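Chemist: Everything below, folded, please.
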Amino acid sequence: MKTDDVKIETHQMTVKQIILSIPGVPYYNNVVDDWDAKDYSWGVTKKVKEYASYLKEHPESLSELPPIFVLNDKFEDGAHRVSAIWLLQQRMDPKNPLWADTKLNVQFVKQGVAEGNPVEIERLNNISAGIDRNTDNKDYEIGTVEECEKFAESRRKPLGKNE
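Modeler: Below is the predicted model:
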């Protein structure tokens, strides 16, 4: 496959810029609504609250977050991260300017001829999941095996709201 079949651009954007400019960012407002209602029963709200609490206690970890992934102008991955920072900005820690000022790496991937090619789509999905293939086609993982297993498990569960 030719490398010019796929175009990847990375931009740094605030969460507000992401929400306003990328269509299809799911459930960030649902999580804020759940926070206001003190309803933490939805699995997504629980996970976002967990991420937000961790980020609040460890703001240095912001620099270690994987990029938000946008494929052909459609939001694909990173909703929990966006929602966690939005929750911090809107409710959990609104007086801290860090959350409004934080810029996340956002990868915009455009597929041309590669669109519909299952091997390339799998490769791009693996990149967004933190997994890539080296030239020997052996998987290697970014992060620990446990982190990758948790990530994979989170992708197998139905979301419920705003899927």
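Chemist: Which stretches in this protein count as helices?
Modeler: 15-21, 28-37, 43-57, 79-87, 98-101, 118-128, 145-156 (DSSP state H).
Chemist: give the contact list for residue 103.
Modeler: Residues in contact with residue 103 (CB atoms under 8 Å, 6 or more residues apart in numbering) are 12-14. Using the backbone N, CA and C atoms, a C-beta is placed for each residue, glycine as well.
Chemist: sorry, that was for residue 31
Modeler: 44-45, 48-49, 83, 86-87.
Chemist: So which of those residues wins on neighbours?
Modeler: Per-residue neighbour counts (other CB atoms under 10 Å) across the contacts of residue 31 peak at residue 48, which has 29 neighbours.
Chemist: before we move on, the earlier item: mean pLDDT lowest where, among the helices of the chain?
Modeler: Mean pLDDT values for those show the minimum at helix 145-156, a mean of 52.
Chemist: and of the contacts of residue 103, the nearest to residue 77?
Modeler: The shortest approach to residue 77 among these belongs to residue 13, at 14.6 Å (CB to CB).
Chemist: what's around the closest one, how many residues?
Modeler: 19.
Chemist: going forward can the numbers begin at 25, since that is how I track them
Modeler: That works, and once the first residue is 25, the last one we named lands at residue 37.
Chemist: bridging residues for the closest residue to it other than its chain neighbours?
Modeler: Nearest non-adjacent residue to residue 37, counting by CB to CB, 6 or more residues apart in numbering: residue 130, 5.0 Å away. Legend: beta-bridge partners of residue 130 under DSSP bridges are residue 35, residue 92.
Chemist: Show the contacting residues for residue 130.
Modeler: Neighbours of residue 130 in contact, by CB under 8 Å, 6+ apart: 34-37, 42, 46, 91-94, 102.
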